[in-house]
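In: Fold the following for me, if possible:
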Amino acid sequence: GRKLFATRVGKASERIAGKGYDVTDDPAKLALPAIKADAAFDEAAEKAGVEKVKTIGGSYLAACGLSVTRPDHARRVIQFAKEMSRITGIFNRDHKVELAVSVGINSGPIVGGVVGGRKFLYDLWGDTVTIARRMTNDMAVAIRVTGNVHQRLGDMFSFSGPIQVTANGKAPIEAWQVTG
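Out: Okay, the predicted model is just below:
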């Protein structure tokens with residue numbers, strides 16, 4: 001299935017703070033915009049047939065094609081990413097904050113499972129997830145896909161690229177940016 005890894009980008013170091021918030025503010029005040037945005041993302045994911053896996057800090061991990069086989073899962077993931085961007089724009093306008101999303105989309109094998117003995121968490125692992133996450137590390141406000149996703153959907157969406165994305169001192173990843 002396709003994997004989506006999105007990171008919220010904000011003006012403060014917490015990456016969830018927006019205009020009018022200061023990093024010295026009450027942490028609950030800083031978290032409120034992220035909580036509300038995540039709720040809207042969850043609803044959009046459900047409508048798109050994309051499965052939210054987890055959120056950690058400013059990151060949102062979702063996938064399509066895990067529990068329900070969908071022949072159009074790549075298209076669904078890109079449409080969901082575009083909806084995340086749209087939701088963020090509306091949220092910024094309505095709440096007077098300046099959040100953005102940086103999305104990495106990759107396709108390939110993964111391992112999933114439940115972690116924990118008392119508090120359980122479902123998680124995904126593997127190079128597919130790692131590469132999607134690395135495409136968001138430079139915090140660029142963009143929806144980026146790997147070559148294999150671009151090859152499958154190049155006639156359904158507009159792309160720019162390729163570009164080289166580097167992160168954490170690893171080898172560059174060739175990526176395309178969704179432009180329409």
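In: okay, now Lys170: neighbour count?
Out: By the criterion of other CB atoms under 10 Å, Lys170 has 12 neighbours. Bear in mind the C-beta positions are built from the backbone N, C-alpha and C, glycine included.
In: So it sits against Arg134, correct?
Out: Yes - judged on CB atoms under 8 Å, Lys170 makes contact with Arg134 at a distance of 6.6 Å.
In: and Gly116, how many residues sit next to it?
Out: Close neighbours of Gly116, defined as other CB under 10 Å, add up to 9.
In: And the pLDDT for it?
Out: For Gly116, the pLDDT comes out at 84.
In: just Thr7 next, same as before
Out: Thr7 is given a pLDDT of 53.
In: same deal with Val23?
Out: pLDDT, Val23: 42.
In: before we move on, what about Lys54?
Out: 84.
In: Please identify the helix or strand for it.
Out: strand 51-56 (DSSP states H and E).
In: Dump that strand to CSV, keeping only the CA atoms.
Out: Output of strand 51-56 as CSV, limited to C-alpha atoms (Å, rounded to 0.1, in the frame of the first residue of the first chain):
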residue,chain,number,x,y,z
GLU,A,51,-6.1,4.7,7.4
LYS,A,52,-4.5,6.8,10.1
VAL,A,53,-1.8,4.8,11.8
LYS,A,54,-0.7,7.3,14.4
THR,A,55,0.4,10.9,15.3
ILE,A,56,3.6,11.7,17.1
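In: partner strands of the following helix or strand past that strand, parallel or antiparallel?
Out: Next helix or strand after strand 51-56 toward the C-terminus (DSSP H and E): strand 59-64. Pairing partners of strand 59-64, with direction, according to DSSP bridges: strand 2-9 (antiparallel), strand 51-56 (antiparallel).
In: Quick one: mean pLDDT over strand 59-64.
Out: pLDDT averaged over strand 59-64 gives 85.
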